[in-house]
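**Q** got a structure for you, letters missing:
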């Protein structure tokens, strides 16, 4: 068995690795883990990511030994190169992820801003139309209030006003006709009609 405190015998260690001895892999781990971890941490700046990368490097090393039945002449150089490449790949993936997150964040805030602008426009439209309610009858005002401001359905409005859905539709139609006559900008009325399902 190799002495952990001595300079490792590359030939003997390689022989044991090729024989599939787990103890040999454990020896390689003890020999290089701390230095590889420090190396990966200096590149990534994150302890857990560095640990994952070093672990992946050892897994790749062991799989390479078993699959190719060969051990690198310079195990130390091989492991450090593997860790370096894994760190570079990680940094590239992280950059791509950050860029993707930046796009998603920009799209989210753009959507919020656009929605806020839409709501502001809708609030203004409702305000302008509501000012014209003075031209409606009391029943028509109630119907418009329940449908467009309270957000009730025709059936809910009929129940609230203790009448039939047919009467509500009639009041609504007459109210819209009267508003159409007094509103200077017909676009406002068309918008109101469009956003409310009949």
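**A** Perfect, thanks for sending it. Just so we're clear, the structure is a prediction, and the values are computed from it rather than from any experiment. Numbering: from 1, shown residues only.
**Q** from what I can see residue 40 touches residue 85, true?
**A** No. Using Cβ atoms under 8 Å as the test, residue 40 is too far from residue 85 to be in contact (11.1 Å). Yep, even glycine has a C-beta here, placed from its N, CA and C like the rest.
**Q** more neighbours, those two?
**A** Neighbour totals were compared for residue 40 and residue 85, and residue 40 leads with 27 against 13 (other Cβ atoms under 10 Å).
**Q** List the contacts of the more buried one.
**A** 49-51, 53-54, 83, 86-87 (Cβ atoms under 8 Å, 6 or more residues apart in numbering).
**Q** Drop anything exposed from the residues you listed.
**A** 49-50, 53-54, 83, 86-87 (16 or more other Cβ atoms under 10 Å).
**Q** of all those residues, which comes closest to residue 165?
**A** residue 49 (63.3 Å; Cβ to Cβ).
**Q** Now intersect the buried ones among the contacts of residue 40 with the helices, please.
**A** 49-50, 53-54, 83, 86-87 (DSSP state H).
**Q** Mind putting those residues into TSV with distance to residue 67 and pLDDT?
**A** Output for these, formatted as TSV (distance: Cβ to Cβ, whole Å; pLDDT from 0 to 100):
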residue	distance to residue 67	pLDDT
49	26	89
50	26	89
53	21	90
54	20	92
83	20	91
86	18	90
87	23	88
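**Q** just curious, which of those residues is nearest to residue 140?
**A** residue 49 (66.6 Å).
**Q** Surely the closest one and residue 90 touch.
**A** Yes. Residue 49 sits in contact with residue 90 when judged by Cβ under 8 Å, with a separation of 6.6 Å.
**Q** Which parts of the chain are helices?
**A** Under DSSP H, the chain gives helices at 10-18, 22-44, 47-68, 75-130, 138-144, 154-160, 165-182, 186-195.
**Q** what separates residue 28 from residue 11, distance-wise?
**A** 14 Å (Cβ to Cβ, to the nearest Å).
**Q** Give me the nearest residue to residue 169, chain neighbours excluded.
**A** Counting by Cβ to Cβ, 6 or more residues apart in numbering, the nearest residue to residue 169 once its immediate chain neighbours are dropped is residue 154, at 6.3 Å.
**Q** Check the ones in helices among the buried ones among the contacts of residue 40 against residue 161 and report the nearest one.
**A** So of these, ranked by how close each gets to residue 161 (Cβ to Cβ), first place is residue 49, at 64.8 Å.
**Q** Looking at residue 28 and residue 11, which one has more neighbours?
**A** Shown here are residue 28 and residue 11; by other Cβ under 10 Å, residue 28 has more neighbours (21 against 9).
**Q** who are the neighbours in contact with the more buried one?
**A** Contacts of residue 28 (Cβ under 8 Å, 6+ apart): 13, 17, 58, 61, 75, 79.
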